[in-house]
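> One predicted model, sequence on top.
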Amino acid sequence: MSTAAPSTGHPKISLKGVTKHFGPKQVLRGIDLEVQRGQSLVIIGGSGTGKSVMLKCILGLLHPTGGSIHIDGQDVTHLKGREQEQVMARMGMLFQGGALFDSLKVWENVAFGLIQGKGMQRDKARDIAMAKLAQVGLSADVGELSPAELSGGMQKRVGLARAIATDPEIIFFDEPTTGLDPIMADVINDLIVKCVRELGATTMSITHDMASARKIADRVAMIYEGRIIWHGMAGDVDHSGNDHVDQFINGRAEGPIQMQVRKL
Amino acid sequence: MRWNFLALIGSVILQFFGAVGRLAIFTGKGLLHCVTPPFYPRILLRQMLQIGYYSLPVIGLTAFFTGAVLALQIYIGGARFNAESLVSSIVVLGITRELGPVIGGLMVAGRVSAAMAAEIGTMRVTEQIDALTTLSTNPFKYLVAPRLIAGATMLPLLVLVADVIGVFGGFVVGTEKLGFNVGIYLQNTIDFLHVDDVVSGLVKASIFGFLISLMGCYHGFMSRGGAQGVGRATTNAVVSASIMILTANYIITELFFAQ
């Protein structure tokens, strides 16, 4: 399916001591994490714990303050320009809000990485885009609409089709089910599992939706205050022996994690 | 208290230099990506239409009334020392050298840089710019470069149109209301006009067009914090583009066209 990378001994994604701060605000305080080829890692954690920042560091949208990030054993921490684009070409990303280009039609959105990124002919890219739309359960006439005419669930599906259009080796999902009703959320989860399996891709998702995490994860890691505090198989998440994880997955207000809410 | 005051001065100055530095880097990057492939001809064409073609009605109306009122004012003012006959020549010089490029620039700044800041700002806050990067497309090449090129090339064309319509506005008032002879008015217009007058206006227009696009893109790119941030970016884009046009206008005139 996906083209095999040259170095096979390395984990697909590896983070060592990654830190990131914005001015005086410390967001990541030393993240160590590995994802093996073909694995699906789900990172859980509350709002503002640094999940999105970590994802953006791996994608190269932000540069970490310290530590290193390796993809297939290649140090990508400080890549810029052409080299970064080459690494980026092997990745796909589903954004939280979809981030569809509203000046373009739906099929042009899906085909964007093929036409602009890989220089493919429009006709050929259009056929692939339509096939990818079909893969996420959308008909060809949806392809002619503009993103603003779609419902939230449909936008997510188009975002998914766009993320898998270039057959990436690594796909990132930023809160794929946020803002959807439970049924549509499950449809998206199924689609993610199906598409990822067909591509044989390695995935990293961030979410605070436990139903989604259980469905798409091989492994689960929990991030809290800019550190990974627990990491294990998806099946072990219910008996992790970690108070923070227990509190999070059961959704309790009482526990070691104190939300910063002013008491009345 | 005294130290707070000094700290305030310091932080304002630091912020100022920070902003100048950011803008300089942004401009340099934008220019670099204008001349290095890949290019996006479809996007460029769309921006040219957006800036050039769709600004024609605004430019035409503004230029017509500017020319017309200029003729009226010169006639009234000139009557004080029996210089009414200068109307045609002053209208044509005023429009081509100054008012065409400046008023055209300001009108396009209001129309175009606001639209650019709003569009790019919304793309920023909805993560569309990040999405571009993840799809192996450099946002500077895809968003900024085509707008800069379109601005710098389309505004001179618009100003050329404004020149013609502005002079026509003066001509209509001069011949219909002020009673000048059509033939003599046209003859005076042509006699007093040099190629330099038009060229200097067009050079200015090209620089104004670049500044308009630059401010629209820069403020859009830098916008943060949802709808409010985009609103602020739009206002800043129009205000800074207008101020830059007026400042650049003086500097260019002083340096190159004041002999």
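Right, received. Where do you want to start? Numbers count the residues shown, from 1 in each chain, chains lettered A, B, ... in the order given.
> residues touching A:Leu55, list them.
A:Phe172, A:Asp174, A:Met204, A:Ile206 (CB atoms under 8 Å, 6 or more residues apart in numbering or on different chains). For the C-beta atoms, the positions are set from N, CA and C on the backbone; glycine is no exception.
> wouldn't the third one be in contact with A:Glu34 here?
If I follow you right, that is A:Met204. No: taking contacts as CB atoms under 8 Å, A:Met204 lies outside contact range of A:Glu34: 11.0 Å.
> Show me what the mean pLDDT comes to for the longest helix along chain B.
Counting by DSSP state H, the longest helix found in chain B is helix B:2-35. The predicted model assigns helix B:2-35 a mean pLDDT of 90.
> Up against chain B, what does the stretch 1-150 of chain A have?
Proximity of the stretch 1-150 of chain A to chain B is confined to A:56, A:59-61, A:85, A:88-89, A:91-93, A:95-97, A:99-103, A:112-113, A:116-119 under the rule CB under 8 Å from any CB of the partner chain.
> In helices, which of the residues you listed appear?
Using DSSP H, A:Lys56, A:Leu59, A:Glu85, A:Met88, A:Phe112 are the members of these that sit in helices.
> Can I get the residues you listed in JSON lines including pLDDT?
Below are those laid out as JSON lines (pLDDT from 0 to 100):
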{"residue": "A:Lys56", "pLDDT": "89"}
{"residue": "A:Leu59", "pLDDT": "87"}
{"residue": "A:Glu85", "pLDDT": "82"}
{"residue": "A:Met88", "pLDDT": "85"}
{"residue": "A:Phe112", "pLDDT": "91"}
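> can you put those in TSV and add neighbour count and distance to B:Phe26?
Formatted as TSV, these follow (neighbours: other CB atoms under 10 Å in any protein chain shown; distance: CB to CB, whole Å):
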residue	neighbour count	distance to B:Phe26
A:Lys56	21	20
A:Leu59	22	22
A:Glu85	16	20
A:Met88	23	21
A:Phe112	24	24
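> Can you pick out the most distant pair from those?
The largest separation in those, counting by CB to CB, is between A:Lys56 and A:Phe112 at 19.5 Å.
> sorry, back to before: quick check: next helix or strand after the longest helix of chain B?
For helix B:2-35, the following helix or strand on the C-terminal side (DSSP states H and E) is helix B:41-51.
> Does anything pack onto that following helix? Which helices or strands?
Counting contacts by 3 or more CB pairs under 8 Å, 6 or more residues apart in numbering or on different chains; DSSP states H and E, helix B:41-51 packs against helix B:145-172.
> at 10 Å instead, please
For helix B:41-51, the packing partners by 3 or more CB pairs under 10 Å, 6 or more residues apart in numbering or on different chains; DSSP states H and E come out as helix B:114-125, helix B:145-172, helix B:195-222.
> Can you get me a residue count around residue 61?
You didn't pick a chain, so chain A it is. 18 (other CB atoms under 10 Å in any protein chain shown).
> my bad, the chain I had in mind was chain B
Neighbour count of B:Leu61, defined by other CB under 10 Å: 13.
> Next: A:Gly143.
Residues lying near A:Gly143 (other CB under 10 Å) number 22.
> circling back to that earlier point, save the ones in helices among the residues of the stretch 1-150 of chain A next to chain B as CSV, and put in distance to B:Val238 too.
Below are those laid out as CSV (distance: CB to CB, whole Å):
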residue, distance to B:Val238
A:Lys56, 31
A:Leu59, 33
A:Glu85, 34
A:Met88, 34
A:Phe112, 30
